[in-house]
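1. Could you work out the structure for the sequence below:
(chains A, B, C and D)
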There are 2 protein chains.
Amino acid sequence: MPAGNTQFSIAVHLLAGLGYLAGQEITSGELAASINTSPSFVRRVLSKLSKAGLVRATPGKAGACSLGRRANDISLLEIYKAVGASQIFSIHAYPVQKTCPVSCSIKSSLGKILDKIEKTLEKDLAKISLAEVIADIKRK
Amino acid sequence: MPAGNTQFSIAVHLLAGLGYLAGQEITSGELAASINTSPSFVRRVLSKLSKAGLVRATPGKAGACSLGRRANDISLLEIYKAVGASQIFSIHAYPVQKTCPVSCSIKSSLGKILDKIEKTLEKDLAKISLAEVIADIKRK
DNA sequence: TATAATGTTACTGTTAAAGTAACAATATGC
DNA sequence: GCATATTGTTACTTTAACAGTAACATTATA
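-> The predicted structure follows:
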């Protein structure tokens, strides 16, 4: 269980599970058991998804979770953003050395390039819907 | 400072510096001063770049570093790989819950998709050369 | 009102990476 | 040859993000 964007893959897992049930409700405890982790952690991720509207959760006794929207209308990008995945590229934050032209402009020059690449990646993520993931799971 | 692919941006910074000098040699100590960090750290990154052939370093007294290849022939992807940047997406490694179909196939289903996206990103990185970064720096 | 769920917060442990220092290897020049 | 200044490597320390956990607040149901 290393570093990285594990939360993103967990979120997809959770949502795929919810989508698999096609509207049927399920509790965070059951989901946690399915993923093999603690209910607390699942709830924390679910909470983010809930705020993003991807999950509909009803509190109180007999509360439960279900997909907040049709799986067709949920893109991987939305999931990615919902869990607040960190930036792919991060630029070092050393203080600028004024006498060095590279030091002075590397941040803006490289940043511009990386932003564009990140945008492309987001566009790719936006193209893929949760429904595709679920379909692939059902295929097996 | 925090986590992330800082080494990648540092590597680009170093290489841009070397490219900016157009063949002129420079020591790791001077580079470190320019980046505002310790020579040790710079050397560790330089060492990786050197092994990848992106930097030519001569050891011994009066040793120094220079660009190993023309900036035009160095892509950001090479730099990215040279510093051994971690995978962008990582999938959670919980044990599979055999009774859950989602748990059983999420890893392969999602993995397939993310691999494809990562490939696209690499293709984008491959398109950009160090020379472009340097040109942008000189423009200012 | 008891209960069972979500939602939130705070705490702990673990891990990866930054940062540092020390040392080995190497070549130069006297 | 020997002192020296560099690269190259290794080991250690520190730091920060995140997984993981537990406890508690909130909410609605019966």
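2. Between helix B:101-127 and the longest helix seen in chain A, find me the angle.
-> Ordering each helix of chain A by length in residues (DSSP state H) puts helix A:101-127 first. Between the axes of helix A:101-127 and helix B:101-127, defined by axes from the mean of the first three to the mean of the last three CA atoms, to 10 degrees, the angle is 140 degrees.
3. Let me see the contact set for the residue positioned nearest the centre of chain A.
-> Geometric centre of chain A, nearest residue: A:Tyr80, 2.8 Å, by CA atoms, centre = their mean. By CB atoms under 8 Å, 6 or more residues apart in numbering or on different chains, the residues touching A:Tyr80 are A:Phe8, A:Glu122, A:Leu125. (Glycine included, C-beta is placed from N, CA and C.)
4. low pLDDT regions in chain A?
-> A:1-4 (pLDDT under 70).
5. How about the residues of it by DNA strand C?
-> A:1-3, A:27-29, A:39-40, A:43-44, A:46-47, A:50-51, A:57-65, A:92, A:94 (CB under 7 Å from any atom of the strand).
6. Out of those, list just those in strands.
-> Among those, the ones falling in strands (DSSP state E) are A:Ala57, A:Thr58, A:Ala64, A:Cys65.
7. Apart from its chain neighbours, what residue comes closest to the second one?
-> Beyond its immediate neighbours in the sequence, the residue positioned closest to A:Thr58 (CB to CB, 6 or more residues apart in numbering or on different chains) is A:Ala64, lying 6.2 Å away.
8. mind checking the SS state of the residue of chain A most remote from its centre?
-> Distance from the C-alpha centroid of chain A peaks at A:Thr99, with 41.6 Å (CA atoms, centre = their mean). Under the three-state scheme (DSSP: H, G, I helix; E, B strand; the rest coil), A:Thr99 adopts coil.
9. Now restrict the residues of chain A next to DNA strand C to buried residues only.
-> A:Thr27, A:Ser28, A:Pro39, A:Arg43, A:Leu46, A:Ser50, A:Ala57, A:Ala64, A:Cys65, A:His92, A:Tyr94 (16 or more other CB atoms under 10 Å in any protein chain shown).
10. follow-up on the earlier one: list the helices and strands the longest helix of chain A packs on?
-> helix A:76-82, helix B:6-20, helix B:28-35, helix B:101-127, helix B:130-138 (3 or more CB pairs under 8 Å, 6 or more residues apart in numbering or on different chains; DSSP states H and E).
11. And stretch A:83-93, how far out from the chain middle?
-> 14 Å (CA atoms, centre = their mean, to the nearest Å).
12. Okay, now that stretch: how far is its last residue from its first?
-> 24 Å (CA to CA, to the nearest Å).
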